[in-house]
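> Could you work out the structure for the sequence below:
(one chain, ligands or ions: 1)
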Amino acid sequence: MKAAVLAFGARHPLSFVGPDAEPDWKTAEKHFICVIEEIMGEAIPPRGGVTSTVRRAENAAIALLLALNEATAYRCPICVRQQRA
Ligand SMILES: [Zn+2]
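Numbers count the residues shown, from 1 in each chain. Below is the predicted model of the structure:
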């Protein structure tokens, strides 16, 4: 989880001025939760209840973000959508 958030944070610099920009952790965390919520969608929790559903969505989001981080041109999908709006 931590590695995924760290990698995701690096995609959210506070400013695009220079390579030393600090990551915008608040935005990164918010968008991380957005991704988890999108994976969960409106799904009705199956047996096992809400907790295991959230945990599975969380694991899916972590795996997704770590995989995406391998791509250098990757941008946060939530950011992309906000810029388009
Ligand atoms: Zn974002």
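
> How about the residues of the protein by the ion?
By C-beta under 5 Å from the ion, the residues of the chain that approach the ion are 31, 76, 78, 79. Bear in mind the C-beta positions are built from the backbone N, C-alpha and C, glycine included.

> Now do the second one, the pLDDT please.
Yep, that's residue 76 we're talking about. According to the prediction, residue 76 has pLDDT 85.

> just the first one next, same as before
We note a pLDDT of 90 for residue 31 in this prediction.

> Could you list the low-confidence segments of the chain?
Within the chain, the stretches with pLDDT under 70 are 15-21, 43-48, 72.

> Any idea which residue of it lies closest to the ion?
Nearest residue of the chain to the ion (C-beta to the ion) works out as residue 76 at 3.0 Å.

> Hmm, that residue is touching residue 31, no?
Yes - shown here, residue 76 and residue 31 form a contact pair, counting by C-beta atoms under 8 Å, at 5.4 Å.

> what's the overlap in contacts for these two?
Contact criterion C-beta atoms under 8 Å, 6 or more residues apart in numbering; residues shared by residue 76 and residue 31: 8, 12.

> Looking at these two, which one has more neighbours?
residue 31 (22 against 19; other C-beta atoms under 10 Å).
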